[in-house]
Every structure is written in C-alpha cells, then in structure tokens.
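>>> here is the input, now give the coordinates:
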Amino acid sequence: MEIMDVFTKRNQRGASLIIIIAIILIMGIIAAVFVSLINTESFTALNQSAGEEAFAIAEGGLEFEQRSLAQNLDWYRSTSDPIATTTRTLGSGSFEVKSNLPATMLRRRLRNTELATINVYTTDRFPDAGTLQIDDDAGLGNGEFVQYTNKTTNTFTGLPLTRGVLFVGGTLGQGANTFSRGTRVYPVTTLVTALVNNCATIPNPFQISAHLKFLSAGTINVYDRTTLASEEITYTGSSTAGGVMTLTGVQRCQNGTSVATVNAGDPVTPIFVDGTSPDYEAEATSTGTVAVTITGNAVRVIRKTVQR
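The predicted model follows:
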C-alpha cells in the first residue's frame, strides 16, 4: 500500500507540473498577443498621425507653389517643364513641389519664310515629333499649325518643317505667318471621341489621343476642321492607357464658347489666351513626407490645377 501511495503521489506531482507548464505557456502566448496588439495599435496610430502631418505638409507645399506662380506672370516663359522642383523642410517633415505647363513661348521671332527651326523656351514634355499650334487661333486669326520631326532642348526642327498645316478633311491652317518673340506655342493632339452639337451631351468615355504636355486636369480647346468653330472644355481628372487619355468630370461650352460638332481626328489644344479669364494654366503637384520610426516614411501627394 505504501508503495502504491508513493507512485500515486509522484503521478499527481507529474500531472501538476504539466498543468503548471501548460498554464505558463498559455499565459505567455496571451502576453505575446497582448504586446503585439499594443504594438500594432501604436504603429497604426503613429502611421495615421504621420499621414495626417504629411498631408498638411503637402498642402503647405501647394500654397508655397501657388504663391510662387502668383509672383511669376510669365509661366510659359519657363526654360524647364516642370518648373524647377522646390524642396523645403516644414514641421517634422518636408515637401517637394513642382508645376507642369501646357505650353511654351517663342524665344525669338519666327518669320514666315523659316522652314528649319522654331526656337522656344523649352521643349520639355513635348514628343520627339508632332504638331504645334503657334498663337491662339489657327482657324480664324493669325495662328498656325506646324508639324515638326525632331527637337532639341529648346528648338523644334524638321527637314523641312511643315508650316501652315491643313488637317486632312478640313480647312484649318491658313499658310505660314510671321510671329513675334513671346508668342505662345501649344501642343496639338487629336480627338478620339466625336462630339455632337449639344452642350449638355458628354460622351462616356470622353477620350483624346494621349500627349504628355496635356495636364491631368484642366482645360482643352477642340476645333471643327470644317466650320473652324472651337469649343472650350474643362475636365477635373484623367487616366491614360494604350495611347489614349480618358477625361473625367467633363464640362462643355466653357469660358463663353459655343457648342461645336467635332469629329474624331479633329485637333485638340490646351487652354488659349483669348481675352477672357482664365487664360493660363499650370498643374501644381506637392508631395509631403514625414519619417516614421521603424515603418519608414509617410507620403501624401496633392495635385491642383492653378489658373489665372
């Protein structure tokens, strides 16, 4: 009997030890989970706080750029596009801000007999070959469409340049003209989606051929090649895929322009200087960055189309 009691006590002690170890393990797991939850919540709160600060810093950068643009009336005279990037420290982070431009200007006079070179302030973001519009009305006024086949840092060239372009099937382009230094030079793309003669009718999707010089949100002018009518159209967003730029938030017949029936393939340019405000556009992009311990950086980006 005594021997059995000894074995029984030993078995009970062994079972108790196993139970104690199991309890310790469970408590350890619970503690680890608890610590993990605390750390996760701390990191989440830290990231959220840093994200909010980065957004506020990006807004500060946008205000900085808008002030810079307000102090510089000759946006299209910039020798680079985007306009030189600016980086500043703000609070516990920093912002990087830049502005894209939809046009440039002639750097010197262009005579109607010149067929080799067009000198401008910058060819940045223009394609290597394409079509330009010089001056603000290529259909009814002194303006002109020009095709080029090459470019340098500040010249468009051709062998020769094709001056006074007539778009196929229409009458736009009235021959070569002479333009003074400072005349605006616009990129030209083409309409993918035809437009009917109704200001309230917005095609879905509304598309133009992709062109790097066009802003992701802003204003375009579309020409009817047959009647020479033009219509100003605004858009609040866009996406690009497969060589096509799809515009969203589209509004037709803007800035006092009338409706035009415009076919696919008709020319499209950015906003013109036409005597009614706004005339000039730039797209400011501000990136706010705040360092976050362990997890890296919190980054927020804000874009805004600035007009004057």
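>>> and Gln48, that's in a strand?
No: counting by DSSP: H, G, I helix; E, B strand; the rest coil, Gln48 is not part of a strand but helix.
>>> tell me, how many residues neighbour it?
Neighbour count for Gln48, taken as other Cβ atoms under 10 Å: 11. Glycine gets a C-beta too; all of them are placed from N, C-alpha and C.
>>> against Val301, how distant is it?
Distance, Gln48 to Val301, by Cβ to Cβ, to the nearest Å: 17 Å.
>>> ok, Arg88 next?
Taking Cβ to Cβ, one finds Arg88 at 16 Å from Val301.
>>> how about the helices in the stretch 201-308 of the chain?
Read by DSSP state H, counting those that start in this stretch, the stretch 201-308 of the chain holds no helices at all.
>>> which stretches of it form strands?
With DSSP state E, counting those that start in this stretch, the ranges of strands along the stretch 201-308 of the chain come out as 206-209, 218-223, 230-235, 237-241, 244-248, 267-270, 281-292, 296-307.
>>> mind checking the end-to-end distance for stretch 120-136?
16 Å (Cα to Cα, to the nearest Å).
>>> what are the buried residues along that stretch?
The neighbour-count check on stretch 120-136 (16 or more other Cβ atoms under 10 Å) flags 120-126, 130-136 as buried.
>>> how about stretch 145-153?
145-148, 151.
>>> closest one to Ala229 out of these, please.
Relative to Ala229, the closest of the buried residues of stretch 145-153 is Phe145; by Cβ to Cβ it sits at 16.1 Å.
>>> beta partners of that closest one?
Gln133 (DSSP bridges).
>>> any chance of JSON lines for the strands of the stretch 201-308 of the chain, columns mean pLDDT?
As requested, these are exported to JSON lines (pLDDT from 0 to 100):
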{"stretch": "strand 206-209", "mean pLDDT": "97"}
{"stretch": "strand 218-223", "mean pLDDT": "92"}
{"stretch": "strand 230-235", "mean pLDDT": "92"}
{"stretch": "strand 237-241", "mean pLDDT": "97"}
{"stretch": "strand 244-248", "mean pLDDT": "98"}
{"stretch": "strand 267-270", "mean pLDDT": "93"}
{"stretch": "strand 281-292", "mean pLDDT": "93"}
{"stretch": "strand 296-307", "mean pLDDT": "90"}
